[in-house]
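Asker: Here's my sequence, what's the structure:
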Amino acid sequence: MGREVKRVPLDFDYPLKKVWYGYQITFCHEEYEEGCERCREFARIMGIPMIEYACAPGEPCPEWKKYFKVDPPEGEGWQLWETTTEGSPVSPVFKTPEELAEWCEENATVFADIKATKKEWLEVIQGGLIAARCGPALFV
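Answerer: Sure, this is the predicted structure:
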């Protein structure tokens, strides 16, 4: 469906609808103009120490190679993520699955423009599958 629930810290402050750094980060000075800024922001969120690389003497960068393709930090909160792209958060972080389900009922879709009830979302959040029907088509 392109949706999943992640357990993140209650104070997780990563921007909504922005691909998580850990799913796309590459070497600093490569492929995109904001490389250093993005690497440093990822390091701040993940608590990664800074080191100096030979390619950029005098400019400390995160020692992030061991963190490549990592999930966000785990915690007590509940958050809806999209997985249609590399992966990004699409909801605020909630204290309980019920609060997330209530938010999803009004603000999220299970597929395209198909919505689900709070009860159906709660089933998804607690580990079940959701089936959305659009005419004769069934999306699982």
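
Asker: how about the helices in the protein?
Answerer: Remark: helices assigned in the chain by DSSP state H are 35-46, 97-107, 118-125.

Asker: For the longest one, which residues meet the burial criterion?
Answerer: It refers to helix 35-46. For helix 35-46, a neighbour-count test (16 or more other CB atoms under 10 Å) marks 35, 38-43, 45 as buried. All C-beta spots, glycine's among them, are computed from the backbone N, C-alpha and C.

Asker: if we can go back for a sec, and of the helices of the chain, who's closest to K17?
Answerer: Proximity to K17 (CB to CB) singles out helix 97-107 among these, at 12.1 Å.

Asker: quick one on the thing from earlier: quick check: the two most widely separated of the buried residues of helix 35-46?
Answerer: Spanning the widest gap among the buried residues of helix 35-46 are G35 and I45, at 16.0 Å by CB to CB.

Asker: where are the low-confidence patches of the chain?
Answerer: 1, 24-35, 53-56, 64-69, 128-140 (pLDDT under 70).

Asker: What segments of it are strands?
Answerer: 3-8, 50-51, 61-62, 77-82, 88-89, 132-134, 137-139 (DSSP state E).

Asker: now for those strands, which one comes closest to V19?
Answerer: Among the strands of the chain, the nearest to V19 by CB to CB is strand 88-89 (4.9 Å).

Asker: Run through the neighbouring helices and strands of that closest one.
Answerer: Using 3 or more CB pairs under 8 Å, 6 or more residues apart in numbering; DSSP states H and E, the elements in contact with strand 88-89 are strand 77-82.

Asker: The strand it packs on packs against which elements?
Answerer: Under the contact definition 3+ CB pairs under 8 Å, 6+ apart, strand 77-82 sits against strand 3-8, strand 88-89, helix 97-107.

Asker: which one of these is the most hemmed in?
Answerer: strand 88-89 (a mean of 20; mean count of other CB atoms under 10 Å).

Asker: Just give the closest residue to P15, not the sequence neighbours.
Answerer: P89 (7.9 Å; CB to CB, 6 or more residues apart in numbering).
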